[in-house]
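Asker: the following block contains a protein sequence and its predicted model.
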Amino acid sequence: MYRGQIALGLGLAVNQALAMDRKNERGSLALFGVLMAVVFLTVGGISIELWNVLSQRRQLSAVADAAASAGASAVDPDAYRANGELIVIPELGRDRAAAAIAASNLEVSGANFQLQVTADLVSVQASGEVDLIILGIIGAEPIRLNVLAEASPFQGN
């Protein structure tokens, strides 16, 4: 037997063995495709959920900052004229902060604001919940958001 015939015989035997293996693997590519689609959809869903949480936290923080700034703008003009001190009128500061919160178009569910107004500081603590849609299907709890914003009156140059 010649070398070429041996190689040809081995090649035929290998091809026949591979053909037998291919018959047993029918549909494995489709199964792999389905599994990869599930993985990509899960990762995409988690990304969308996290983006939503960050967006709502940013929105809650912006409203708290606006409320604290509005409250800190309630400076007593008589005290400023008398001795140059910037003192917040607590009742007016609370009213302005509450008006800023009411004027916002906040979309965070269960948003709650606590205001503390003193003569030199306005503090707004905001909290809310973000309901998870995709992760909620598997039983994940809503994410609780907490934000603190503080402002005090200051005189710019």
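Answerer: Thanks, I have the structure now.
Asker: drop to CA atoms for contacts and neighbour counts, all remaining ones
Answerer: Will do.
Asker: kindly export the helix or strand where G110 lies (C-alpha atoms) in CSV.
Answerer: Using DSSP states H and E, G110 sits within strand 109-117. Taking Å, rounded to 0.1, in the frame of the first residue of the first chain, the C-alpha atoms of strand 109-117 are listed here in CSV:
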residue,chain,number,x,y,z
SER,A,109,-42.8,57.1,43.5
GLY,A,110,-43.4,57.6,47.2
ALA,A,111,-41.3,60.7,47.3
ASN,A,112,-41.1,62.2,50.8
PHE,A,113,-39.4,65.5,51.8
GLN,A,114,-38.4,66.7,55.2
LEU,A,115,-37.4,70.3,55.6
GLN,A,116,-35.3,71.8,58.4
VAL,A,117,-34.9,75.6,58.3
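Asker: in it, what's buried?
Answerer: Neighbour-count burial for strand 109-117 flags F113, L115, Q116, V117 (criterion: 16 or more other Cα atoms under 10 Å).
Asker: straight-line length of stretch 117-137, end to end?
Answerer: Across stretch 117-137, the terminal residues are separated by 42 Å (Cα to Cα, to the nearest Å).
Asker: reformat the buried residues of strand 109-117 as CSV; add distance to L54.
Answerer: Compiled in CSV, the buried residues of strand 109-117 are given as follows (distance: Cα to Cα, whole Å):
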residue, distance to L54
F113, 19
L115, 23
Q116, 26
V117, 28
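Asker: low pLDDT regions in the protein?
Answerer: Applying pLDDT under 70 to the chain flags the ranges 1-26, 157.
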